[in-house]
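Colleague: no sequence on hand, only this structure:
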């Protein structure tokens, strides 16, 4: 049986790939293990889908997605006897997710910068990112063991419902 590739998730993967080369791999759904050679990577998953009438001939589909960025923490750790070095891996993750310029604006290549600057994902199909809601980043679960024998660090972006419209 062929593996299903969700076309909406694929559009977001293509959008991110077009705007940054910082990520080595993209996954649909939630993998338990990741090869360390694929880090940093993005995991895009649907959280929910809401469907309701828009017009007599169209439905509105509100799709909430999560984008998880997983980075290899080892390159940022130090062998020095300094406790401050133990949390250095977070800075790489912050830069990937919401890196900022000196004027405090989001970097164009950061994931938040890409999402907030590219509202229209597919104009022909009216696939848009809803910027009327707050986008949430959760750094709460940072150290994980997704890569065997390695340490990774991750954060999840909860995107507000993208809203493509489909014919009934």
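Modeller: Received, thanks. Given the structure is predicted, the values throughout are model-derived calculations rather than measurements.
Colleague: quick one: contacts for the residue nearest the centre of the chain?
Modeller: Taking C-alpha atoms, centre = their mean as the criterion, residue 67 is the residue nearest the geometric centre of the chain, at 2.7 Å. Counting by C-beta atoms under 8 Å, 6 or more residues apart in numbering, residue 67 touches 12, 42-44, 111, 156-157, 159. For the C-beta atoms, the positions are set from N, CA and C on the backbone; glycine is no exception.
Colleague: the same query, at a cut-off of 10 Å, please.
Modeller: 9, 12-13, 16, 26, 42-45, 97, 111-112, 114-115, 135, 137, 155-159 (C-beta atoms under 10 Å, 6 or more residues apart in numbering).
Colleague: look up how far residue 42 lies from it.
Modeller: 6 Å (C-beta to C-beta, to the nearest Å).
Colleague: now do the shared contacts for these two.
Modeller: Counting by C-beta under 10 Å, 6+ apart, the contacts common to residue 67 and residue 42 are 12-13, 16, 26, 111, 157.
Colleague: show me the contacts for residue 68.
Modeller: 27, 30-31, 41-45, 138, 141, 144, 146, 154-157.
Colleague: can you redo the shared contacts of residue 67 and residue 42 as TSV with secondary structure, pLDDT and distance to residue 1?
Modeller: As requested, the shared contacts of residue 67 and residue 42 are exported to TSV (DSSP: H, G, I helix; E, B strand; the rest coil; pLDDT from 0 to 100; distance: C-beta to C-beta, whole Å):
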residue	secondary structure	pLDDT	distance to residue 1
12	helix	92	24
13	helix	95	22
16	helix	96	28
26	strand	97	22
111	helix	95	32
157	strand	92	31
